[in-house]
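A.B. asks: coords please:
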Amino acid sequence: MNPRQLLLLLLFFFFSLLEPTITFSLDERFEACVPKTCGNGQNISYPFYIQGKQKPFCGQPGFELTCGHNGFPILTLMYTPYTIHQIFYHNNSLRLSNPIFSQPNASSCIGPTQNLTVGRYIFRLAPNQRDLFVLYGCDPAVLPERVRERMIGCSAAGNETTLVVGLDKDDLDLVTARESCNGGAVNATVEDLKGGVREALWRGFMLIWNATSCRESENSEGRCGFDLDPLVYAFRCYCPDRPHVVKCNPEQSDLNEETELAINQIDSSDEVSSTSPIPIFSIQEEPSIRPAIPQPCVEIQVLANKFEKPIKVITFIDTGAQQTMMDPYILPQEYWKKEVDYFVAADGKIFRTDLVTHAPIGIKFFPDCIIWTKVIGSKLPDRDLLIGMDVYTTANPAFQKVEDLVDDNLALEQDLEDYNAQLMEELLHKDDKTSIH
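C.D. replies: Residues are numbered from 1 along each chain as shown. The predicted structure is shown next:
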């Protein structure tokens, strides 16, 4: 490491000692969305949430569960409750059954129920399952013997002389059975027919759910949820510091070639000013150190006002964008107001925005470079803030001043090296003259 790099690192260490240490509590949504159980030992987490035990923002809309009296979670589909036996988070599936069919023996009576209705968007039936018909009010006197063997219970309609039978939809006796059963029929799905129809109905069927993946958030030690605010209404990764779009942003633990350090270089003759910019340097194995303009994707800070705690945001610098935009979720709803605007994207398409901040917010590139401006609210994939030319051109003079400071320092260093060389040469000549005399 050359002396210049060592000096910069020492200065950075010195200034870091002056930085106040502030401890903040964990984000309340991160704490609220810890997995819960109904009592049977099965943890419930995103996309599901338990009504009364977990906040709605801990799950995705349509995934609300309740707890049954037996400790099993209950999912309601079209007003019909279904007992959840197992949830397989690794492949987005679960096994559940209609509790109506969970009777202890074939002599127990079965109450009426509705057809299994799943839909196509949130849940769908897993493939390779069997469809059944459950027939009520079957007269045992006219039922063929082979059909009576498929009895799963008696009808619970006050007349225990009738039966309930279950048959596969492709069963050749289905037509005959329907002629002998006048209590109605419902369709049901089972995973397979092992052990007979009654046992198959008790085991239940498999569903597959459709929800935003939680994997990246979990891998970054976050907890998933869903922001129900109409201005946002999107998946969120709840992290110890705050909610993020996809995953948490772990603090970098060591220096590498992309590490950026903020160091204020002040000449001894300069006056210290509260508005002096602090340059950004990239510490790299290069013969010289030049100021590093922020890379297209960097982590900076946003200030809602001068007195609020800074918020870390992932920022994309786009010199092709006219206006700076920010994900509305970064700031509370009261910071935004409705204001429609239209923009032309790089591909020529026109898109619309509906939000803008009430007042200017602070975009903090480094301690003494904060740009105060209003920003547009818009959903941004995989980033929190998009820096447009309005902010970039305002901040550019600060970066230019940084470069001038570094150039002045390099010139001063060269002058110092020349002076030292000249002084050394004079001393050598002086020694030579002394030895002659």
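A.B. asks: Against residue 65, how distant is residue 55?
C.D. replies: For residue 55, the distance to residue 65 (CB to CB, to the nearest Å) stands at 13 Å. C-betas here are computed from N, CA, C, even on glycine.
A.B. asks: er, residue 385 actually
C.D. replies: 36 Å.
A.B. asks: Between these two, which is the more surrounded one?
C.D. replies: A count of neighbours by other CB atoms under 10 Å puts residue 385 above the other of residue 385 and residue 65, at 25 against 22.
A.B. asks: I'd say residue 121 and residue 209 touch.
C.D. replies: No - counting by CB atoms under 8 Å, residue 209 is not a contact partner of residue 121; they are 10.0 Å apart.
A.B. asks: which ones are touching residue 64?
C.D. replies: Counting by CB atoms under 8 Å, 6 or more residues apart in numbering, residue 64 makes contact with 48, 49, 51, 56, 76.
A.B. asks: and which of these is nearest to residue 331?
C.D. replies: Within these, the smallest distance to residue 331 is 21.3 Å, found for residue 56 (CB to CB).
A.B. asks: so what's that closest one scoring on pLDDT?
C.D. replies: In this model, residue 56 is scored at 95, pLDDT.
A.B. asks: for residue 51, same thing?
C.D. replies: Reading off the model, residue 51 has pLDDT 95.
A.B. asks: residues contacting residue 88?
C.D. replies: So residue 88 contacts 94, 95 (CB under 8 Å, 6+ apart).
A.B. asks: Residue 364 bridge partners, please.
C.D. replies: residue 301, residue 370 (DSSP bridges).
A.B. asks: Quickly find the element holding the residue most central in space within the chain.
C.D. replies: Taking CA atoms, centre = their mean, the centroid of the chain lies closest to residue 237, which sits 2.8 Å from it. Element membership of residue 237 [criterion: DSSP states H and E] is strand 234-238.
A.B. asks: Now do the helix or strand following that strand: which elements does it pack against?
C.D. replies: The element immediately downstream of strand 234-238 (helix or strand, assigned by DSSP H and E) is strand 243-244. Secondary-structure packing of strand 243-244 (3 or more CB pairs under 8 Å, 6 or more residues apart in numbering; DSSP states H and E): strand 234-238.
A.B. asks: which other residues reach the strand it packs on?
C.D. replies: Outside strand 234-238, the residues touching it (CB under 8 Å, 6+ apart) are 27, 29-30, 33, 57, 60, 212, 214, 216-217, 220, 222-227, 243-248, 329, 379.
A.B. asks: Tell me how far the closest residue to residue 48 other than its chain neighbours lies from residue 310.
C.D. replies: Take residue 48 and drop its neighbours on the chain: the residue closest to it by CB to CB, 6 or more residues apart in numbering is residue 63, 4.7 Å away. Computed as CB to CB, the residue 63 to residue 310 distance reads 34 Å.
A.B. asks: Give me the more crowded residue out of these two.
C.D. replies: residue 63 (19 against 14).
A.B. asks: Quick check, that one in contact with residue 45.
C.D. replies: No - counting by CB under 8 Å, residue 63 stays clear of residue 45, with 10.4 Å between them.
A.B. asks: on that earlier part again, now do the same contact list for the residue nearest to residue 48.
C.D. replies: 47, 48, 49, 122, 209, 211 are the contacts of residue 63 under CB under 8 Å, 6+ apart.
A.B. asks: isn't residue 117 right up against residue 79?
C.D. replies: No - in this structure, residue 117 is not within contact of residue 79 by CB under 8 Å, at 9.3 Å.
A.B. asks: quick one, which of those two is more surrounded?
C.D. replies: Shown here are residue 117 and residue 79; by other CB under 10 Å, residue 117 has more neighbours (10 against 7).
A.B. asks: SS state for that one?
C.D. replies: Under DSSP: H, G, I helix; E, B strand; the rest coil, the three-state class of residue 117 is coil.
A.B. asks: Spatially nearest residue to it, not counting backbone neighbours?
C.D. replies: residue 78 (4.3 Å).
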